[in-house]
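*Asks:* Sequence below, structure please.
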Amino acid sequence: MRIAPPRSVETIFIGGGTPGVLSPDELSELCEIVREKAGDEVKEWSVELAPNEVTPEKLGALKAGGVTRVSLGVQTFDAELLGEMGRRHPPEKALTAYDLIRGMGFESVNLDLIFGAPGQTIEQWEGDLSRAVELSPEHISTYCLTFEEDTALYARLAKGELSIDPDREAAFYELAWEYLPSRGYGQYEISNFARIGMESLHNLNTWRMNEWLGYGPSAASQFGGKRYRNVSNLEAWGHSLEENNASPVEDVEALSDRSLAHDSVLFGLRLNAGFDFAEIGRRFSVPFSAFDPLRLFFRRFENEGLVKREGDRYRLPVAGRILADAIASELPELATDV
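*Replies:* Residues are numbered from 1 along each chain as shown. Sure, this is the predicted structure:
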């Protein structure tokens with residue numbers, strides 16, 4: 001599938017992989033290509049970096065290339081927990097990398113933190129949050145550790161050496177939700193916190209069901225009424241580009257206005273601002289009554305104190321946020337007879 005921006009691009013995010021392994025010259029070339037294709041109206045340009053990938057030369061190339069925001073994969077400031085997560089950098093490396101990023105003058109810095117590592121205590125998690133706040137980044141993301149297949153942690157989980165404790169995970173979530181807002185980082189999504197006005201525009205664009213284009217192997221797109229993913233095989237992807245000047249795609253899903261409206265509710269559950277049925281209906285030209293099954297669905301959770309309603313706007317308080325995935329999994333479809 002040939003995908004070229006038909007209009008100006010507002011946000012860019014390079015990551016979900018390891019762009020920091022590129023050399024300074026390669027990063028400069030990448031930025032030049034992206035800048036040429038994206039146009040001059042980019043509002044936010046983020047790049048993910050691991051602490052052991054950060055050098056003054058690479059940061060200089062990114063800064064000169066137009067990057068405005070760096071997301072640093074700190075994960076934890078605890079050396080023992082870094083080892084449990086399989087991370088290769090010592091805590092000191094993250095601090096050095098952060099200082100270099102700050103010294104280069106990027107407009108915004110995000111710190112990625114992970115909780116739920118084997119043996120991690122609530123006190124250690126609070127220590128990580130405290131250390132992150134002391135550095136004063138514009139944005140902090142907090143994620144629960146996931147056990148991905150073909151990793152050492154997944155093997156230990158499969159053997160019964162580790163276990164997943166939902167109550168323990170909930171305690172970690174709730175601590176971040178209380179601690180970070182009290183230190184000036186407003187929570188705007190289940191896992192994301194920011195100083196006023198420094199929320200990730202790229203992420204918000206995705207959660208609000210706008211369009212985006214993904215480039216490179218495995219990258220996902222939502223564009224032109226379809227949702228699809230580039231093939232993950234690097235060789236197949238590269239061969240197709242050379243032979244056909246197009247990226248081979250898979251998992252293609254046609255999107256109707258109703259499916260986009262439904263997904264706007266689904267992702268709206270993750271946002272602290274919630275969602276408004278009337279706004280979504282107007283945006284996607286969906287009849288007001290089509291949302292009746294969802295209104296009835298949320299009424300039950302409202303009675304249980306898991307959903308807050310203000311007019312036609314719904315959002316999850318803390319009690320509901322803990323159960324967001326479970327609530328989302330039961331979300332009914334829109335009515336089809338209206």
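
*Asks:* So W45 sits against V70, correct?
*Replies:* No. Applying Cβ atoms under 8 Å as the test, W45 and V70 come out as separate, 9.9 Å apart. From N, CA and C alone the C-beta is placed, and that goes for glycine too.

*Asks:* higher neighbour count, those two?
*Replies:* The neighbour comparison of W45 against V70 (other Cβ atoms under 10 Å) goes to V70, with 29 against 24.

*Asks:* helix or strand for that one, which one?
*Replies:* Per DSSP states H and E, V70 falls inside strand 69-75.

*Asks:* Remind me what the following helix or strand past that strand packs against, helices and strands.
*Replies:* The element immediately downstream of strand 69-75 (helix or strand, assigned by DSSP H and E) is helix 79-85. Helix 79-85 sits against no helix or strand, with contacts defined as 3 or more Cβ pairs under 8 Å, 6 or more residues apart in numbering; DSSP states H and E.

*Asks:* List the residues that contact V21.
*Replies:* Applying Cβ atoms under 8 Å, 6 or more residues apart in numbering to V21 gives the contacts E53.

*Asks:* I meant to write I14 there.
*Replies:* 30, 34, 46-48.

*Asks:* List just the nearest of those residues to D128.
*Replies:* For the contacts of I14, the minimum distance to D128 (Cβ to Cβ) is 18.8 Å, reached by E48.

*Asks:* what's the closest one in contact with, if anything?
*Replies:* 13-17, 19-20, 70-71, 73.

*Asks:* and what of K308?
*Replies:* Per Cβ under 8 Å, 6+ apart, neighbours of K308: 274, 302, 314-317, 320.

*Asks:* Please enumerate the strands of this structure.
*Replies:* 11-14, 44-49, 69-75, 108-115, 139-144, 186-189, 192-194, 220-223, 226-230, 249-254, 275-276, 308-310, 313-315 (DSSP state E).

*Asks:* re the thing from before, who touches the strand holding V70?
*Replies:* Residues from elsewhere that reach strand 69-75 (Cβ under 8 Å, 6+ apart): 15, 44-51, 54, 59, 62, 82, 85, 87, 94, 97-98, 101, 106-114, 132, 139, 141, 200.

*Asks:* of those residues, buried ones?
*Replies:* 15, 44-51, 54, 59, 62, 82, 85, 87, 94, 97-98, 101, 106, 108-114, 132, 139, 141, 200 (16 or more other Cβ atoms under 10 Å).

*Asks:* Now A254: closest residue in space that isn't a chain neighbour?
*Replies:* K226 (5.9 Å; Cβ to Cβ, 6 or more residues apart in numbering).

*Asks:* Identify the bridge partners of the one you found.
*Replies:* Beta-bridge pairing for K226 (DSSP bridges): F223, A254.

*Asks:* Near it, how many other residues are there?
*Replies:* With other Cβ under 10 Å as criterion, K226 counts 13.

*Asks:* Make CSV out of the contacts of K308 and add pLDDT and neighbour count.
*Replies:* CSV is the format used below for these (pLDDT from 0 to 100; neighbours: other Cβ atoms under 10 Å):
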residue, pLDDT, neighbour count
G274, 97, 17
E302, 94, 15
Y314, 97, 23
R315, 97, 18
L316, 97, 23
P317, 96, 12
G320, 95, 21
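
*Asks:* so which of those residues would you say is closest to L204?
*Replies:* Relative to L204, the closest of these is G274; by Cβ to Cβ it sits at 13.6 Å.

*Asks:* Hmm, G268 and that closest one touching each other?
*Replies:* Yes. Using Cβ under 8 Å, G274 is in contact with G268, at 5.9 Å.

*Asks:* Overlap of the contact sets of the two?
*Replies:* Y314.

*Asks:* circling back to that earlier point, of all the contacts of I14, which comes closest to V338?
*Replies:* Of all these, V338 sits closest to S46, with 40.6 Å by Cβ to Cβ.

*Asks:* Would you confirm that that closest one contacts N205?
*Replies:* No. Taking Cβ under 8 Å as the definition, S46 is not a contact partner of N205, at 11.9 Å.
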